[in-house]
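Enquirer: Could you look at this predicted model? Sequence included:
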Amino acid sequence: MATLTTGAILGKKNRLNKIPEAIGLSVLALVGAFRLGSIAQRKWTTLAEIGNLTIDSIEEINEGLYKVNTNIN
């Protein structure tokens, strides 16, 4: 969001005059993205309670990359 805001404000003409505005709005975009991320995570993140979930097997696909097969009893 900050990159898009900065790019849109700076444009192609009078770039040096627009730097303070770009910095200010970029900071606002970063704060807004942080707030929106927190709200989205609170709303759509699942609970940590796994219930009856069990691990059936773990397969190594590549070095350091694993596939975990699970089952809900």
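Expert: Yep, that arrived.
Enquirer: what's the first-to-last distance across stretch 41-51?
Expert: 21 Å (C-alpha to C-alpha, to the nearest Å).
Enquirer: for the record, mean pLDDT for that stretch?
Expert: Across stretch 41-51, pLDDT averages out at 79.
Enquirer: List the buried residues in it.
Expert: Neighbour counts over stretch 41-51 (16 or more other C-beta atoms under 10 Å) mark no residue as buried. (C-beta placed from N, C-alpha, C; glycine too.)
Enquirer: Tell me which residues are up against it.
Expert: Ile72 (C-beta atoms under 8 Å, 6 or more residues apart in numbering).
Enquirer: Same question for the strand or helix carrying Ala29: list its buried residues.
Expert: Using DSSP states H and E, Ala29 maps to helix 15-44. Using 16+ other C-beta under 10 Å as the test for burial, helix 15-44 gives 22, 25-26, 29.
Enquirer: Is Asn71 in a helix, a strand, or coil?
Expert: Assigned by DSSP: H, G, I helix; E, B strand; the rest coil, the conformation of Asn71 is strand.
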